[in-house]
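Novice: structure for the following, please:
(4 chains)
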Protein chains: 2
Amino acid sequence: MKILLIEDEPKVSAFIKKGLEEQMYDVEQAYDGFYGAKLAIDNEYDLVILDVILPRMNGVEVCKLIRQQNIAVPILMLTALGSTEDKILGLDSGADDYLVKPFEFQELLARIRALTRRSQESVGTEVLKVADLELDVQKKTVHRNGVPISLTAREFALLQYLLRNKERVVSRVDIIEQVWETSFDTGSNVIDVYINFLRKKIDKDFSPKLIHTLVGMGYVLKEMEEK
Amino acid sequence: MKILLIEDEPKVSAFIKKGLEEQMYDVEQAYDGFYGAKLAIDNEYDLVILDVILPRMNGVEVCKLIRQQNIAVPILMLTALGSTEDKILGLDSGADDYLVKPFEFQELLARIRALTRRSQESVGTEVLKVADLELDVQKKTVHRNGVPISLTAREFALLQYLLRNKERVVSRVDIIEQVWETSFDTGSNVIDVYINFLRKKIDKDFSPKLIHTLVGMGYVLKEMEEK
DNA sequence: CTTCAATGAGCAGTATTTTCATGGTCTACA
DNA sequence: TGTAGACCATGAAAATACTGCTCATTGAAG
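Specialist: All right, here's what the predicted structure looks like:
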């Protein structure tokens, strides 16, 4: 569990770091807002603890910047500024929790547990399902009705995307952007071809069919009640 | 945004409810822990606000019970118990935040925003309705009186436009511009034809009729009281 | 060198979109 | 009350767009 601690006061930072490390957290430190933001954006942390009053860039700005980069890491603001106004400012800039100094270390730990609980849950075996089709994201295996099915990397990525959006129609543009990670329209029919591959492997010998075409709209993965 | 408020003190509950409703939240109330837990488990809320001291089942128990059911709804504990020990107990029972009474209402609102931010971000499920007709923008599905109806892309776009302007007369020019995305008047009657297609699929086998012609003006989608 | 994933091109078949022609309905006005 | 003209509904056919699938080529991995 990696935590980024952005706090300019060396003694406070060291104290928190020590306390967290006793709980087996892996702590990295930043001593100013700008560098802290850079670390948060370039690395993957499980939590950011963020002081508000910081040199070079204040905590609220750091928070906004991180969120602007579309990074969803939990952020806990930790500061001496205890007015309701400050709290609102902090929370509305994208922080998930706001704790006022001085605080009891046990409370900080409890709040850290609450914030990191969700991401911990998801670690482990993520299995996507629809009807009798199962896809294990970590193991990279796919089964339909218990029968193992082997897919290529691209096929797997496509199926995974369809599963994450099951019941929802996804357009070719969505697929190209998310699975192929290009938005450049090559006028190609790769997607059609791959949908075809998946159909052969996943739908051909089974029923009900799960991959459906909506002409002019895209594809859906679902058990169809209609038609 | 639906919030479940579990609080036994009627005056406090009413006060919070009123304040939340002013912010356009949809609030349901429970006055004891057992009933509150039942509501939280049987329904889908965007947030649960949970008092700790409650009749029949205390807040910590409620929280544990909800989490045992594998329900990930954000839970905000709101209580007079302000000791660090109480906070830890609350947060570790599965709550996401813990606010001590008395509190400033603005802080509660900010914390609610922080807790609900994530679920809002997630792919919103936008459903347009009129009478017993429902259209899911993402899933691209249409139901009337629970019966699934399949539409082509153009039909869907037209119906979606009518739904977004339900109760309001839209002219042929509006439709051509918004749905066909051309303003060039081709002197064609495509729109009439498509209205006809929609009528067959949506109004033919149902009642009341929803698509109405206003001669010389255009079309409306609404439940007609008159005529 | 062989194998196989990845992709583009082409074409046939199908579904959708649009046009066209016909007939109906409503309204204004003599 | 009758009728012309504007407006609308609808079936069918034509035009078009879209999709499924095969095949050939490329390029990377082993």
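
Novice: quick one: neighbours of the closest residue to A:Lys209 other than its chain neighbours, just the number.
Specialist: With C-beta to C-beta, 6 or more residues apart in numbering or on different chains as the criterion, A:Lys209 has its nearest non-adjacent residue at 4.7 Å, and that residue is A:Asp203. No exception for glycine: its C-beta is placed from N, CA and C like everyone else's. For A:Asp203, the number of neighbouring residues by other C-beta atoms under 10 Å in any protein chain shown comes to 16.

Novice: tell me where chain A has strands.
Specialist: Assignment of strands within chain A using DSSP state E yields the ranges A:2-6, A:26-30, A:47-50, A:75-79, A:97-100, A:127-130, A:133-136, A:141-144, A:147-149, A:211-214, A:218-221.

Novice: redo those as JSON lines? Include mean pLDDT and mean neighbour count.
Specialist: Putting the strands of chain A into JSON lines (pLDDT from 0 to 100; neighbours: other C-beta atoms under 10 Å in any protein chain shown) gives the following:
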{"stretch": "strand A:2-6", "mean pLDDT": "97", "mean neighbour count": "23"}
{"stretch": "strand A:26-30", "mean pLDDT": "97", "mean neighbour count": "18"}
{"stretch": "strand A:47-50", "mean pLDDT": "97", "mean neighbour count": "28"}
{"stretch": "strand A:75-79", "mean pLDDT": "95", "mean neighbour count": "25"}
{"stretch": "strand A:97-100", "mean pLDDT": "96", "mean neighbour count": "21"}
{"stretch": "strand A:127-130", "mean pLDDT": "85", "mean neighbour count": "14"}
{"stretch": "strand A:133-136", "mean pLDDT": "88", "mean neighbour count": "20"}
{"stretch": "strand A:141-144", "mean pLDDT": "88", "mean neighbour count": "18"}
{"stretch": "strand A:147-149", "mean pLDDT": "86", "mean neighbour count": "12"}
{"stretch": "strand A:211-214", "mean pLDDT": "90", "mean neighbour count": "16"}
{"stretch": "strand A:218-221", "mean pLDDT": "91", "mean neighbour count": "22"}
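
Novice: how about these, which one is nearest B:Pro102?
Specialist: strand A:97-100 (15.5 Å; C-beta to C-beta).

Novice: show me what that closest one pairs with in its sheet, parallel or antiparallel.
Specialist: In the sheet containing strand A:97-100, the strands it pairs with under DSSP bridges are strand A:75-79 (parallel).

Novice: residues making contact with the partner strand?
Specialist: Contact with strand A:75-79 is made by A:7, A:47-53, A:59, A:63, A:66, A:86, A:90-91, A:94-101, A:103, A:108, A:111-112, A:115, as judged by C-beta atoms under 8 Å, 6 or more residues apart in numbering or on different chains.

Novice: report the angle between it and strand A:2-6.
Specialist: Between strand A:75-79 and strand A:2-6, the angle formed by their directions is 30 degrees, by axes from the mean of the first three to the mean of the last three C-alpha atoms, to 10 degrees.

Novice: nearest to B:Gly19, of the strands of chain A?
Specialist: Ranking the strands of chain A by their distance to B:Gly19 (criterion: C-beta to C-beta) puts strand A:97-100 first, at 19.6 Å.

Novice: picking up where we left off before, reformat the strands of chain A as a markdown table; add distance to B:Ser171.
Specialist: A markdown table is the format used below for the strands of chain A (distance: least, C-beta to C-beta, whole Å):
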| stretch | distance to B:Ser171 |
| --- | --- |
| strand A:2-6 | 57 |
| strand A:26-30 | 59 |
| strand A:47-50 | 53 |
| strand A:75-79 | 49 |
| strand A:97-100 | 52 |
| strand A:127-130 | 43 |
| strand A:133-136 | 47 |
| strand A:141-144 | 51 |
| strand A:147-149 | 53 |
| strand A:211-214 | 29 |
| strand A:218-221 | 30 |
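
Novice: looking at those strands, which is nearest to DNA strand C?
Specialist: Among the strands of chain A, the nearest to DNA strand C by C-beta to the nearest atom of the strand is strand A:211-214 (7.6 Å).

Novice: coming back round to it: quick one, which of the strands of chain A gets closest to DNA strand D.
Specialist: Of all those, it is strand A:211-214 that lies closest to DNA strand D, at 3.6 Å by C-beta to the nearest atom of the strand.

Novice: just want the most central residue of chain A.
Specialist: In chain A, the C-alpha closest to the average C-alpha coordinate belongs to A:Ala72, at a distance of 6.2 Å (C-alpha atoms, centre = their mean).

Novice: what residues does chain A put near DNA strand D?
Specialist: A:172, A:189, A:192-193, A:195-196, A:199, A:213-218 (C-beta under 7 Å from any atom of the strand).

Novice: out of these, name the ones that lie in helices.
Specialist: Secondary structure assignment by DSSP state H places A:172, A:192-193, A:195-196 of the residues of chain A next to DNA strand D in helices.

Novice: B:Gln160: which of those residues is nearest?
Specialist: Minimum separation from B:Gln160 among those (C-beta to C-beta) is found for A:Arg172, which lies at 19.5 Å.
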